[in-house]
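[1] kindly return the folded structure for what I paste below:
(chains A and B)
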Amino acid sequence: EVKLVESGGDLVKPGRSLRLSCTASGFTFGDYAMNWFRQAPGKGLEWVGFIKSKTHGGTTEYAASVKGRFTISRDDSKSIAYLQMNSLKAEDTAVYFCTRVPVLGAPFDSWGPGTLLTVSS
Amino acid sequence: DIQMTQSPSSLSASVGDRVTITCRASQSFGRYLNWYQQKPGKAPKLLIYAASTLQSGVPSRFSGSGSGTYFSLTISSLQPEDSATYYCQHTFNTPYTFGQGTKLEI
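    Numbers count the residues shown, from 1 in each chain, chains lettered A, B, ... in the order given. Model prediction:
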(Lines give C-alpha, C1' and ligand atoms only; values in the text may rest on other atoms or scores of the structure.)
Protein backbone atom coordinates (compact mmCIF):
# COMPACT_ATOMS: atom_id res chain seq x y z
CA GLU A 1 0.00 0.00 0.00
CA VAL A 2 1.29 3.41 -0.99
CA LYS A 3 1.64 5.66 2.03
CA LEU A 4 2.84 9.24 2.37
CA VAL A 5 3.05 10.93 5.75
CA GLU A 6 3.99 14.55 6.25
CA SER A 7 5.49 15.77 9.51
CA GLY A 8 7.19 18.79 11.01
CA GLY A 9 4.36 21.29 10.96
CA ASP A 10 4.44 23.78 13.80
CA LEU A 11 3.70 27.31 15.00
CA VAL A 12 6.61 29.58 14.02
CA LYS A 13 7.23 33.30 14.05
CA PRO A 14 7.53 35.34 10.84
CA GLY A 15 11.03 35.32 9.42
CA ARG A 16 11.92 31.97 10.95
CA SER A 17 12.64 28.67 9.22
CA LEU A 18 11.14 25.21 9.35
CA ARG A 19 11.68 21.90 7.58
CA LEU A 20 8.84 19.56 6.70
CA SER A 21 9.34 15.89 5.94
CA CYS A 22 7.38 13.50 3.75
CA THR A 23 8.03 9.86 4.60
CA ALA A 24 7.03 7.40 1.90
CA SER A 25 6.43 3.67 1.88
CA GLY A 26 4.85 1.03 -0.32
CA PHE A 27 6.58 2.01 -3.57
CA THR A 28 10.04 2.55 -5.02
CA PHE A 29 10.56 6.11 -3.82
CA GLY A 30 13.53 6.82 -6.07
CA ASP A 31 11.46 6.25 -9.21
CA TYR A 32 9.07 9.12 -8.48
CA ALA A 33 9.07 12.89 -8.60
CA MET A 34 7.85 14.32 -5.31
CA ASN A 35 5.62 17.35 -5.16
CA TRP A 36 4.46 19.62 -2.36
CA PHE A 37 1.11 21.38 -2.31
CA ARG A 38 -0.48 23.61 0.29
CA GLN A 39 -3.89 24.81 1.34
CA ALA A 40 -4.40 27.90 3.42
CA PRO A 41 -7.26 27.72 5.94
CA GLY A 42 -10.58 27.82 4.11
CA LYS A 43 -8.86 28.32 0.75
CA GLY A 44 -8.08 26.32 -2.35
CA LEU A 45 -5.10 24.19 -3.31
CA GLU A 46 -1.76 25.61 -4.42
CA TRP A 47 1.19 23.79 -5.96
CA VAL A 48 4.43 24.61 -4.11
CA GLY A 49 7.08 22.76 -6.05
CA PHE A 50 8.63 19.45 -7.02
CA ILE A 51 11.84 17.52 -7.15
CA LYS A 52 12.37 15.10 -10.01
CA SER A 53 13.73 11.61 -9.51
CA LYS A 54 17.50 11.29 -9.75
CA THR A 55 16.97 9.31 -12.94
CA HIS A 56 15.45 12.46 -14.43
CA GLY A 57 18.11 14.76 -13.04
CA GLY A 58 16.81 15.43 -9.55
CA THR A 59 16.06 19.02 -10.48
CA THR A 60 13.55 21.24 -8.73
CA GLU A 61 10.92 23.80 -9.69
CA TYR A 62 8.96 26.13 -7.45
CA ALA A 63 5.91 28.33 -7.46
CA ALA A 64 6.70 32.02 -7.79
CA SER A 65 5.27 32.64 -4.31
CA VAL A 66 7.97 30.52 -2.64
CA LYS A 67 10.88 30.64 -5.07
CA GLY A 68 14.07 31.72 -3.32
CA ARG A 69 12.66 30.93 0.12
CA PHE A 70 11.70 27.24 -0.10
CA THR A 71 13.93 24.33 -1.09
CA ILE A 72 12.86 20.78 -1.82
CA SER A 73 15.31 17.91 -1.39
CA ARG A 74 15.16 14.15 -1.16
CA ASP A 75 16.91 11.27 0.54
CA ASP A 76 16.18 8.19 -1.52
CA SER A 77 17.97 5.93 0.97
CA LYS A 78 15.38 6.91 3.60
CA SER A 79 12.42 7.43 1.23
CA ILE A 80 11.94 10.95 2.53
CA ALA A 81 11.31 14.23 0.73
CA TYR A 82 11.95 17.49 2.52
CA LEU A 83 10.57 21.00 2.23
CA GLN A 84 12.93 23.55 3.77
CA MET A 85 11.09 26.80 4.34
CA ASN A 86 13.00 30.00 5.14
CA SER A 87 11.92 33.60 5.72
CA LEU A 88 8.43 32.44 6.57
CA LYS A 89 5.52 34.82 6.18
CA ALA A 90 2.01 34.83 7.60
CA GLU A 91 0.70 33.95 4.13
CA ASP A 92 2.64 30.66 4.26
CA THR A 93 0.19 29.46 6.90
CA ALA A 94 -1.38 26.34 5.42
CA VAL A 95 -1.70 22.59 5.51
CA TYR A 96 1.16 21.18 3.45
CA PHE A 97 0.66 17.98 1.46
CA CYS A 98 3.18 15.83 -0.36
CA THR A 99 2.36 13.72 -3.41
CA ARG A 100 4.18 11.53 -5.89
CA VAL A 101 4.14 11.18 -9.67
CA PRO A 102 6.04 8.72 -11.90
CA VAL A 103 6.55 11.35 -14.60
CA LEU A 104 5.80 15.05 -14.92
CA GLY A 105 2.32 15.67 -16.26
CA ALA A 106 0.87 12.61 -14.57
CA PRO A 107 -1.96 13.02 -12.07
CA PHE A 108 -1.40 12.95 -8.32
CA ASP A 109 -2.92 9.67 -7.20
CA SER A 110 -1.57 9.47 -3.66
CA TRP A 111 -1.53 12.21 -1.06
CA GLY A 112 -0.42 12.37 2.53
CA PRO A 113 -2.84 13.61 5.22
CA GLY A 114 -0.96 16.90 5.46
CA THR A 115 0.82 18.82 8.20
CA LEU A 116 -0.17 22.26 9.48
CA LEU A 117 2.21 25.20 9.44
CA THR A 118 1.12 28.32 11.26
CA VAL A 119 3.20 31.46 10.89
CA SER A 120 2.27 34.01 13.52
CA SER A 121 3.93 36.28 16.03
CA ASP B 1 0.43 30.73 -15.91
CA ILE B 2 -2.70 28.84 -16.92
CA GLN B 3 -5.78 30.09 -15.07
CA MET B 4 -8.50 27.58 -14.25
CA THR B 5 -12.05 28.84 -13.73
CA GLN B 6 -14.59 26.50 -12.18
CA SER B 7 -18.32 26.94 -12.02
CA PRO B 8 -20.44 26.98 -10.06
CA SER B 9 -18.58 27.85 -6.87
CA SER B 10 -21.26 26.11 -4.85
CA LEU B 11 -24.11 23.79 -5.60
CA SER B 12 -26.96 22.23 -3.67
CA ALA B 13 -28.62 19.08 -4.99
CA SER B 14 -30.54 16.05 -3.83
CA VAL B 15 -29.78 12.36 -3.65
CA GLY B 16 -30.26 10.85 -7.09
CA ASP B 17 -29.73 14.12 -8.97
CA ARG B 18 -27.34 14.50 -11.86
CA VAL B 19 -24.91 17.39 -11.51
CA THR B 20 -22.22 18.86 -13.72
CA ILE B 21 -19.28 21.03 -12.73
CA THR B 22 -17.36 22.87 -15.41
CA CYS B 23 -13.77 24.04 -15.66
CA ARG B 24 -12.38 26.47 -18.22
CA ALA B 25 -8.70 26.98 -18.88
CA SER B 26 -7.10 30.23 -20.00
CA GLN B 27 -5.16 28.37 -22.67
CA SER B 28 -5.43 25.04 -24.42
CA PHE B 29 -3.50 22.04 -23.11
CA GLY B 30 -5.07 18.95 -24.58
CA ARG B 31 -6.29 16.58 -21.90
CA TYR B 32 -3.89 17.21 -18.99
CA LEU B 33 -6.86 17.79 -16.71
CA ASN B 34 -7.61 16.06 -13.42
CA TRP B 35 -10.54 16.20 -11.00
CA TYR B 36 -10.24 15.81 -7.24
CA GLN B 37 -12.70 15.44 -4.42
CA GLN B 38 -11.84 16.87 -1.02
CA LYS B 39 -13.73 16.42 2.21
CA PRO B 40 -13.14 18.66 5.25
CA GLY B 41 -9.88 17.94 7.02
CA LYS B 42 -8.80 15.39 4.41
CA ALA B 43 -6.37 15.29 1.52
CA PRO B 44 -7.68 15.57 -2.03
CA LYS B 45 -8.68 12.32 -3.69
CA LEU B 46 -8.09 11.78 -7.40
CA LEU B 47 -11.33 11.00 -9.23
CA ILE B 48 -10.63 11.54 -12.92
CA TYR B 49 -7.37 12.01 -14.83
CA ALA B 50 -6.54 12.80 -18.44
CA ALA B 51 -9.91 14.56 -18.61
CA SER B 52 -12.02 11.40 -18.77
CA THR B 53 -10.23 8.38 -17.27
CA LEU B 54 -11.78 7.11 -14.07
CA GLN B 55 -9.25 6.49 -11.31
CA SER B 56 -9.25 2.93 -10.00
CA GLY B 57 -11.75 2.43 -7.20
CA VAL B 58 -13.82 5.51 -8.00
CA PRO B 59 -17.54 4.80 -8.52
CA SER B 60 -18.73 4.81 -12.11
CA ARG B 61 -21.29 7.54 -11.40
CA PHE B 62 -18.36 9.96 -11.77
CA SER B 63 -17.36 10.85 -15.31
CA GLY B 64 -15.30 13.52 -17.02
CA SER B 65 -15.17 14.99 -20.47
CA GLY B 66 -13.60 17.76 -22.50
CA SER B 67 -10.32 18.80 -24.03
CA GLY B 68 -8.47 21.97 -24.91
CA THR B 69 -9.95 24.65 -22.69
CA TYR B 70 -13.35 23.30 -21.60
CA PHE B 71 -13.84 20.39 -19.25
CA SER B 72 -16.63 19.00 -17.12
CA LEU B 73 -17.19 16.59 -14.26
CA THR B 74 -20.56 14.86 -14.03
CA ILE B 75 -21.96 12.88 -11.14
CA SER B 76 -24.82 10.86 -12.58
CA SER B 77 -26.76 9.93 -9.45
CA LEU B 78 -25.75 11.80 -6.33
CA GLN B 79 -25.14 9.89 -3.13
CA PRO B 80 -24.91 11.39 0.38
CA GLU B 81 -21.19 10.66 0.51
CA ASP B 82 -20.59 12.87 -2.53
CA SER B 83 -20.92 15.96 -0.36
CA ALA B 84 -17.49 17.55 -0.74
CA THR B 85 -15.51 20.22 -2.56
CA TYR B 86 -14.40 19.38 -6.09
CA TYR B 87 -11.34 20.82 -7.81
CA CYS B 88 -10.07 20.68 -11.36
CA GLN B 89 -6.32 20.89 -11.93
CA HIS B 90 -4.10 20.91 -14.98
CA THR B 91 -0.72 19.16 -15.14
CA PHE B 92 0.32 20.49 -18.54
CA ASN B 93 3.13 22.62 -17.19
CA THR B 94 4.15 24.39 -14.01
CA PRO B 95 2.65 25.93 -12.03
CA TYR B 96 0.04 23.19 -11.73
CA THR B 97 -2.95 25.39 -11.04
CA PHE B 98 -6.33 24.42 -9.64
CA GLY B 99 -9.79 25.80 -10.09
CA GLN B 100 -11.15 27.65 -7.09
CA GLY B 101 -13.32 24.68 -6.12
CA THR B 102 -17.00 23.78 -6.20
CA LYS B 103 -18.63 23.04 -2.86
CA LEU B 104 -21.34 20.44 -3.37
CA GLU B 105 -24.01 20.11 -0.71
CA ILE B 106 -26.34 17.16 -0.78
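[2] and the strands in the chain?
    You didn't pick a chain, so chain A it is. Using DSSP state E, the strands found in chain A span residues A:3-7, A:11-12, A:18-25, A:33-39, A:45-51, A:60-62, A:70-75, A:80-85, A:94-101, A:115-119.
[3] not what I meant, chain B
    Ranges of strands in chain B, per DSSP E, are B:4-7, B:10-12, B:19-25, B:33-38, B:45-49, B:53-54, B:62-67, B:70-75, B:84-90, B:102-105.
[4] most packed of the ones you listed?
    Comparing the strands of chain B by mean neighbour count (mean count of other CB atoms under 10 Å in any protein chain shown), strand B:33-38 ranks first with a mean of 26. Glycine gets a C-beta too; all of them are placed from N, C-alpha and C.
[5] each with direction, which strands does that one pair with?
    The pairing partners recorded for strand B:33-38 under DSSP bridges are strand B:45-49 (antiparallel), strand B:84-90 (antiparallel).
[6] output the ones you listed in a markdown table; the columns should cover mean pLDDT and distance to A:Leu11.
    A markdown table is the format used below for these (pLDDT from 0 to 100; distance: least, CB to CB, whole Å):
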| stretch | mean pLDDT | distance to A:Leu11 |
| --- | --- | --- |
| strand B:45-49 | 98 | 28 |
| strand B:84-90 | 98 | 26 |
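[7] relative to B:Asp1, how far out is B:Phe92?
    Look at B:Phe92 and B:Asp1: by CB to CB, to the nearest Å, they are 11 Å apart.
[8] residue contacts, the residue nearest the centre of chain B?
    Centre of chain B computed as the mean C-alpha position; nearest residue by CA atoms, centre = their mean is B:Trp35, 3.6 Å away. Contacts of B:Trp35 were listed using CB atoms under 8 Å, 6 or more residues apart in numbering or on different chains, and they are B:23, B:46-49, B:62, B:64, B:73, B:86-89.
[9] great, nothing more from me.
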